[in-house]
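Chemist: Task: produce atomic coordinates for the following.
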Amino acid sequence: MTGPTLSEDLLAEVDAWTAQDPDPITRQQVDELLAAAKAGDSTSLAELTDAFTGRLQFGTGGLRGHLGPGPNRMNRVVVTQAAAALAEYLLDLQLTGGTVIIGYDARHNSEPFARDTAEIMAGAGFHAMITDHPAPTPLVVFGIRHFSCVAGVVVTASHNPPQDNGYKVYLADGCQILPPTDDEIAARISTLAAWNLNDFPRAKSYISIGDELRAAYLARVASLVPIDAPRNMRWVYTPLHGVGGPLVASAIDATGFDAASVVAEQAEPNPEFPTVTLPNPEEPGVMDLAMALAERIGADLVIGNDADADRCAAAVPIGGRWRMLHGDELGVLLADDALRRGVQGTFACSVVSSSLLSKMAAAYNQPFVYTLTGFKWIGRVPGLAFGYEEALGYCTDPAAVPDKDGISALIRVLALAAQLKAEKSTLADRLDEIAIRYGIHETELLATRVNDVALIRRAMARLRAEPPQNLIGQPVSVTDMLHGTEGLPPTDGVRLVGQAISVVVRPSGTEPKLKCYLEARLPPPSSADLRAARGEARSMLERLRSQISATLRVD
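Modeler: Reported below is the predicted structural model:
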């Protein structure tokens, strides 16, 4: 079996690319890879071959991938081609002259990617606006509706590793693109890839926005908290080296809550994310510094955002120790709060989230729907009142931001915690009340990261070929979600449902992970039996996790 070779075709591809690449850093990277490959370094040759073979795929999440040279990486050439394709798509919709808002986070190359996009949009005749500083994703999404934009772009890789970047595309409704829009833009990228970058019209007539956008967003956030609501809360906050810190501080000032004790080591944006494995509060250990600070100062609550502040995490003291709330736990707390406040409309969560929300909505005679994973689906639910997915994404103000918003969610969590504190109660106490009323719904995510995505494809193929008929002693029904189910569009996933358990297995849409979402359910216990019932449900999850792991064999 032979490896890649430095062929004449590969050299021609590299030369053509380098001739139009405006970035001296990626040009230098190509030169170094070429020199090493010519000297016989197989690792450099493999990297060069991978970078220049194929193309980074544009999908419903836009673009996301490793930074570096070549069509299969995130760089200024790929981003410029994507921006030109988006401009062409909007022009074909007769949206000439419309406003396009562009924001970016603090990752490597985010600002150059955003400015390339602004120049391309302005050159195509659009009124392009770019944020004056690195900005949280929900602030930019808010701006789409606020400024009546025809589209929005956010340059971010959210919670991905430092070596990644991404390119999210939103339309005028403030939601991320869906099929077939992604395919139509991707087709235009393929056509434009044959162009030289110098052939794309550009203009520097775009404008910088900041104060007006921030003021409008903060006024909206401030309106979420009643004037007479309690605000006494001792809490810790971490932006995890991301861009949420300044806007969160302004939101706290606007809403009148006590200022947070901020984790100093993680307070400033840093594209290397030096204190964490990933800037994702879901990952084990990522919130440890925040919880340690909370322990030292005797805080009531810990809240964190991911790197672009569209996700929100919380930790609370339970049984004498600090514990992160699962995404489903925080989701049902926020939903329960909305229902108690009389919020009317449809409540929604992704199909991989807890089934508890459906029971809660029914108890208040409110509609409920499941969606596919992702806020591109949740945000478009007609009449949406509240939506969430277990991966710490919460849409608490869909009229303003029909996407996950870690900052408005943070304000909602603070308001709920402060109200409960005034009543001599806690978020943990409220979770107990919810369990006693609706039953036990313990959930867990089993995620396996791989270096070779072919392992995920093989595991999914085995599951489809030989699905288990019984899990932890319960017969299960098997639904292949590739064919669509319960009114949902087709997606790559398998759902296994038993009397008191459910499992959804799917590949991650943004990372090389196979994800298994587990749920164990028990009837409502008495307050005296609550602890034992939770223990029984967790035991069910442990056995379920073991059996599913053995079934999938991701190796």
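
Chemist: shouldn't S208 be in contact with I130?
Modeler: Yes. Judged on C-beta atoms under 8 Å, S208 makes contact with I130 at a distance of 5.9 Å. All C-beta spots, glycine's among them, are computed from the backbone N, C-alpha and C.

Chemist: Tell me which of the two has more neighbours.
Modeler: Ranked by neighbour count (other C-beta atoms under 10 Å), S208 and I130 place I130 first, with 26 against 10.

Chemist: I'd like the next helix or strand past the helix or strand hosting the more buried one.
Modeler: Assigned by DSSP states H and E, I130 belongs to strand 127-131. Note on strand 127-131: by DSSP H and E, the next helix or strand toward the C-terminus is helix 137-146.

Chemist: between that next one and strand 127-131, how big is the angle?
Modeler: 150 degrees (axes from the mean of the first three to the mean of the last three C-alpha atoms, to 10 degrees).

Chemist: contact partners of helix 137-146?
Modeler: The contact list for helix 137-146 (C-beta atoms under 8 Å, 6 or more residues apart in numbering) reads 101-103, 105, 129, 131, 149, 151-152, 154, 156, 158, 168, 170, 172-174, 209, 213-214, 216-217, 220, 247, 308-310, 400-408.

Chemist: Sort out for me which of those residues are in strands.
Modeler: 101-103, 129, 131, 151-152, 154, 168, 170, 209 (DSSP state E).

Chemist: Show me what the strand or helix carrying L518 packs onto, helices and strands only.
Modeler: When secondary structure is defined using DSSP H and E, the element that contains L518 is strand 513-522. Applying 3 or more C-beta pairs under 8 Å, 6 or more residues apart in numbering; DSSP states H and E, we find strand 513-522 packed against strand 440-449, helix 454-465, strand 501-507, helix 530-552.

Chemist: May I see the ones you listed organised as TSV, with distance to L192 and mean neighbour count added?
Modeler: Below are these laid out as TSV (distance: least, C-beta to C-beta, whole Å; neighbours: other C-beta atoms under 10 Å):
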stretch	distance to L192	mean neighbour count
strand 440-449	34	18
helix 454-465	30	15
strand 501-507	29	22
helix 530-552	40	16
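
Chemist: re earlier: partner strands of the strand holding L518 and their direction?
Modeler: Within its sheet, and counting by DSSP bridges, strand 513-522 is paired with strand 440-449 (antiparallel), strand 501-507 (antiparallel).

Chemist: Which parts of the stretch 301-450 of the chain are helices?
Modeler: Applying DSSP state H, counting those that start in this stretch to the stretch 301-450 of the chain gives helices spanning 327-340, 356-363, 375-378, 406-422, 427-438.

Chemist: Show me what the shortest one packs onto, helices and strands only.
Modeler: Here helix 375-378 touches strand 346-350, strand 384-389, strand 393-395, going by 3+ C-beta pairs under 8 Å, 6+ apart.

Chemist: picking that back up, nearest to L34, out of the helices and strands packed on strand 513-522?
Modeler: For the helices and strands packed on strand 513-522, the distance to L34 is smallest for helix 454-465, at 27.8 Å, taking C-beta to C-beta.

Chemist: Show the subsequent helix or strand relative to that closest one.
Modeler: Sequence-wise, the next helix or strand downstream of helix 454-465 (DSSP H and E) is strand 470-471.

Chemist: Residues contacting that following strand, please?
Modeler: Counting by C-beta under 8 Å, 6+ apart, 476, 496, 498, 501, 503, 544, 547-548 sit against strand 470-471.

Chemist: The stretch 151-300 of the chain: strands as residue ranges?
Modeler: For the stretch 151-300 of the chain, the strands defined by DSSP state E, counting those that start in this stretch occupy 151-155, 164-171, 207-209, 235-238, 261-262.

Chemist: For the longest one, buried residues please.
Modeler: Okay, so that is strand 164-171. 164-171 (16 or more other C-beta atoms under 10 Å).

Chemist: Make JSON lines from these and add distance to I434 and pLDDT to it.
Modeler: Listed next are these as JSON lines, based on distance: C-beta to C-beta, whole Å; pLDDT from 0 to 100:
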{"residue": "D164", "distance to I434": "37", "pLDDT": "96"}
{"residue": "N165", "distance to I434": "39", "pLDDT": "97"}
{"residue": "G166", "distance to I434": "35", "pLDDT": "97"}
{"residue": "Y167", "distance to I434": "39", "pLDDT": "98"}
{"residue": "K168", "distance to I434": "33", "pLDDT": "97"}
{"residue": "V169", "distance to I434": "37", "pLDDT": "97"}
{"residue": "Y170", "distance to I434": "33", "pLDDT": "97"}
{"residue": "L171", "distance to I434": "36", "pLDDT": "97"}
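
Chemist: which one of the residues you listed is nearest H441?
Modeler: Nearest to H441 among the buried residues of strand 164-171, with distances taken as C-beta to C-beta, is K168, at 31.1 Å.

Chemist: re the thing from before, among the buried residues of strand 164-171, which one sits closest to T510?
Modeler: The nearest one, if we look at the buried residues of strand 164-171 relative to T510 and count by C-beta to C-beta, is G166, at 8.0 Å.

Chemist: Residues in a beta bridge with the closest one, which ones?
Modeler: Under the criterion used (DSSP bridges), G166 bridges to R64.

Chemist: now swap in the one 10 residues further on and tell me
Modeler: Going by DSSP bridges, Q176 is paired in beta bridges with Y170.

Chemist: could you check the distance from it over to P134?
Modeler: 20 Å (C-beta to C-beta, to the nearest Å).

Chemist: higher neighbour count, these two?
Modeler: Comparing Q176 with P134 by other C-beta under 10 Å, the one with more neighbours is Q176, at 25 against 21.

Chemist: you'd agree that one is up against G379?
Modeler: Yes. Counting by C-beta under 8 Å, G379 is a contact partner of Q176 at 7.5 Å.

Chemist: intersection of neighbour lists for those two?
Modeler: D403.

Chemist: in the protein, which ranges drop under the pLDDT threshold?
Modeler: By pLDDT under 70, the weakly predicted segments of the chain are 1-3, 555.

Chemist: Repeat the analysis, applying 50 as the threshold.
Modeler: 1 (pLDDT under 50).

Chemist: from the ones in strands among the contacts of helix 137-146, which two are the most distant?
Modeler: Spanning the widest gap among the ones in strands among the contacts of helix 137-146 are K168 and I209, at 17.8 Å by C-beta to C-beta.

Chemist: ok, I189 - contacts?
Modeler: So I189 contacts 55, 58, 81-82, 85 (C-beta under 8 Å, 6+ apart).

Chemist: any idea how far the nearest residue to it once chain neighbours are set aside is from F113?
Modeler: Spatial nearest neighbour of I189, excluding adjacent residues (C-beta to C-beta, 6 or more residues apart in numbering): A85 at 4.3 Å. Separation of A85 from F113 (C-beta to C-beta): 14 Å.

Chemist: quick one: which of these two has more around it?
Modeler: Taking neighbours as other C-beta under 10 Å, A85 and F113 compare with F113 leading, 29 against 23.
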